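Asks: Got a sequence here, can you build the structure:
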Amino acid sequence: MHATSRNLPDLLRPDGTPVRVLVVDDEPDLVEVLCAVLRYEGWEVRAAADGAAAVRVAREFRPDAVLLDVMLPDIDGIEVLRRLRAGAPHVCVLFLTARDAVEDRIAGITAGGDDYVTKPFSLEEVLARLRGLLRRAGMARTSEGDRLVVGDLVMDEDAREVTRGGELVELTLTEFELLRFLMRNPRRVLSKAQILDRVWSYDFGGQAHVVELYISYLRKKIDAGRPPLIHTVRGVGYVLRP
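Replies: Modelled structure (predicted):
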């Protein structure tokens, strides 16, 4: 019934949503591995294979951090950095490069890069440096143990307490488990079948009204008199988003 660790990122944006990372490199295998590792961390990830695509994707995706290869097929990473910073001056940038000359490192940092990793690198090193950049920039905060946060909704799993806007919300055991499942999957649309399976451990079949009933209970306690967090996606299921 409990979600895996990949559903519980230890770094979150200030509003409780997942960190966003853009990976820019023209080596497809490397991009695939990096994206998989970052997604396992619970982060939202996009990729681009050249500089022009990176700038275009960044405008739409608005990443918190960019893993940026210096050697790209169209424009180099330093020029990409300048264009990214023009629209997002505070985005964290970690350069990835096969170059190991001191001059190249200095050029990247002078251009505004926050850190520099030389290929071949370990995935653990990339993650460690990325985490450090995000924390120092204040772009992400560490979740505290078993504390889940979505917007102004906070759940302490150990104490089994829920607050919204600092006010305590009293929940039954089933309401608590339903809300926990929603909070462990923010912005993800969950079907009634998924909710039944994870919260009630039922096989789907004729019990959809149970989910609807408890969603209504939660809404009365969580959303009453406040901007709604629990949304219905008609014909699909429910989603919790700030």
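Asks: all contacts plus neighbour counts: C-alpha atoms, from now on.
Replies: OK.
Asks: So which residues of this protein form helices?
Replies: 28-40, 51-61, 77-87, 102-110, 123-137, 173-183, 192-195, 208-222 (DSSP state H).
Asks: Pick out the shakiest of those helices, pLDDT-wise.
Replies: Note on those: helix 102-110 shows the lowest mean pLDDT, a mean of 72.
Asks: how many neighbours does residue 152 have?
Replies: When neighbours are defined as other Cα atoms under 10 Å, residue 152 has 14 of them.
Asks: wait, doesn't it sit right on residue 167?
Replies: No. Counting by Cα atoms under 8 Å, residue 152 stays clear of residue 167, with 9.9 Å between them.
Asks: In TSV, list the helices of the chain along with mean neighbour count and distance to residue 230.
Replies: What follows is the helices of the chain, written out as TSV (neighbours: other Cα atoms under 10 Å; distance: least, Cα to Cα, whole Å):
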stretch	mean neighbour count	distance to residue 230
helix 28-40	15	24
helix 51-61	17	24
helix 77-87	19	32
helix 102-110	14	43
helix 123-137	15	29
helix 173-183	18	9
helix 192-195	19	14
helix 208-222	15	7
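Asks: Nearest to residue 94 among those helices would be which one?
Replies: Minimum separation from residue 94 across the helices of the chain (Cα to Cα) falls at helix 123-137, 7.1 Å.
Asks: Report the angle between the closest one and helix 28-40.
Replies: 50 degrees (axes from the mean of the first three to the mean of the last three Cα atoms, to 10 degrees).
Asks: For residue 132, give its distance to residue 52.
Replies: Separation of residue 132 from residue 52 (Cα to Cα, to the nearest Å): 27 Å.
Asks: Ok, residue 171 next?
Replies: Residue 171 is 50 Å from residue 52, where distance means Cα to Cα.
Asks: One more: residue 147?
Replies: For residue 147 relative to residue 52 (Cα to Cα), the value is 39 Å.
Asks: Residue 23: how many residues sit nearby?
Replies: Per other Cα under 10 Å, the neighbour tally for residue 23 reads 25.
Asks: let me fix that: residue 72
Replies: What residue 72 shows, counting by other Cα under 10 Å, is a neighbour count of 20.
Asks: Could you verify my assumption that it touches residue 53?
Replies: No. Between residue 72 and residue 53 there is no contact, the gap being 10.8 Å when judged by Cα under 8 Å.
Asks: Domain-wise, how is the protein divided?
Replies: 20-137, 147-240 (the TED database).
Asks: Residue 11: which of those domains is closest?
Replies: domain 20-137 (7.8 Å).
Asks: nearest spatial neighbour of residue 111, skipping sequence neighbours?
Replies: residue 78 (6.5 Å; Cα to Cα, 6 or more residues apart in numbering).
Asks: Leaving out the residues flanking it, which one is nearest to residue 57?
Replies: Closest to residue 57 by Cα to Cα, 6+ apart is residue 48, at 7.3 Å.
Asks: Fine by me, thanks again.
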